[in-house]
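**Q** this one's sequence-less:
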């Protein structure tokens with residue numbers, strides 16, 4: 001399309017107008033956001049293993065913060081993948097955190113890497129060579145079904161040493177998805193990751209929310225939502241929820257009870273909230289590929 005101005009013809013870009021609108025919208029709230037925060041995930045320099053898994057965790061609604069240094073003790077929960085195994089003192093550092101009262105969540109593949117290096121002194125599991133194709137998940141309250149089968153490694157464990165928080169079911173046989181073990185003054189969690197990271201997106205939203213509740217308890221907010229709904233959290237009680245879904249989706253947003261309200265920073269509208277189990281909750285609807293910006297107070 002050609003636009004004429006002062007006798008000069010020049011191309012008119014439809015994309016420029018769209019980008020301009022988006023940038024103007026962002027400018028309106030950008031200064032109200034604090035510093036971004038997330039669950040620290042340790043990735044030593046030049047390490048590899050479970051590459052880009054943190055990206056997939058972000059797309060199921062868990063904000064991640066990669067760090068090349070082992071997280072400090074003020075981080076109440078950290079998430080460790082195979083990358084962390086490049087630290088030869090990793091098991092020692094995990095034990096120190098747990099004794100100090102800070103939880104750790106590791107992936108099943110990291111447990112396999114650490115087998116024989118002392119991780120059995122925290123929890124005794126066996127990462128077998130067998131696989132299970134599962135589509136049912138049990139959180140000790142109800143059974144939820146995924147639309148597709150998900151391929152996971154089979155993990156064995158000593159019954160009295162640890163406890164399953166989430167179980168996958170295959171023909172009546174259960175396999176751990178989220179395992180918990182007490183050590184020192186905290187807990188070690190082992191999260192079983194599907195062979196195909198993308199199959200995390202197939203896990204029922206109720207199970208994803210259970211994982212969020214465990215993993216994000218050091219943050220002030222989490223979403224009860226399916227995959228492809230991301231959360232961005234900031235240190236001044238602001239947060240952004242963005243849906244990457246191709247269709248409209250309702251999202252339940254959960255905050256700790258210490259907050260009395262939440263305001264949409266773009267519309268300045270107060271959200272209608274209710275109290276449930278010592279938390280404040282509101283539900284809103286997201287159209288495809290949209291986001292909303294909030295501040296809790």
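**A** That came through, no problem. Bear in mind the structure is a predicted one, so any value in this text is a computation, not a measurement.

**Q** count of residues packed around the nearest residue to residue 184 once chain neighbours are set aside?
**A** Nearest residue to residue 184, sequence neighbours excluded (CB to CB, 6 or more residues apart in numbering): residue 99, at 3.5 Å. From N, CA and C alone the C-beta is placed, and that goes for glycine too. Around residue 99 there are 12 other residues, counting by other CB atoms under 10 Å.

**Q** Repeat that for residue 212.
**A** Residue 212, neighbours per other CB under 10 Å, totals 23.

**Q** Would you quantify the distance from it to residue 271?
**A** Distance, residue 212 to residue 271, using CB to CB, to the nearest Å: 20 Å.

**Q** isn't the residue nearest to residue 184 right up against residue 188?
**A** No: counting by CB atoms under 8 Å, residue 99 stays clear of residue 188, with 11.4 Å between them.

**Q** Overlap of the contact sets of those two?
**A** Listed contacts common to residue 99 and residue 188 are nil; contacts here mean CB atoms under 8 Å, 6 or more residues apart in numbering.

**Q** give me every residue that touches the closest residue to residue 76 other than its chain neighbours.
**A** Leaving aside its sequence neighbours, residue 76 sits nearest to residue 218 (CB to CB, 6+ apart; 3.7 Å). Counting by CB under 8 Å, 6+ apart, residue 218 touches 39, 75, 76, 77.

**Q** ok, and the most crowded of the residues you listed?
**A** residue 39 (24 neighbours).

**Q** ok, it touching residue 62?
**A** Yes: taking contacts as CB under 8 Å, residue 39 lies within contact range of residue 62: 6.2 Å.

**Q** ok, the strand or helix carrying residue 165: who's next to it in the sheet?
**A** Element membership for residue 165, per DSSP states H and E: strand 163-170. Here strand 163-170 is paired, per DSSP bridges, with strand 125-138 (antiparallel), strand 173-183 (antiparallel).

**Q** Out of those strands, flag the one nearest residue 244.
**A** Among the strands paired with strand 163-170, strand 125-138 comes nearest to residue 244, with 22.5 Å by CB to CB.
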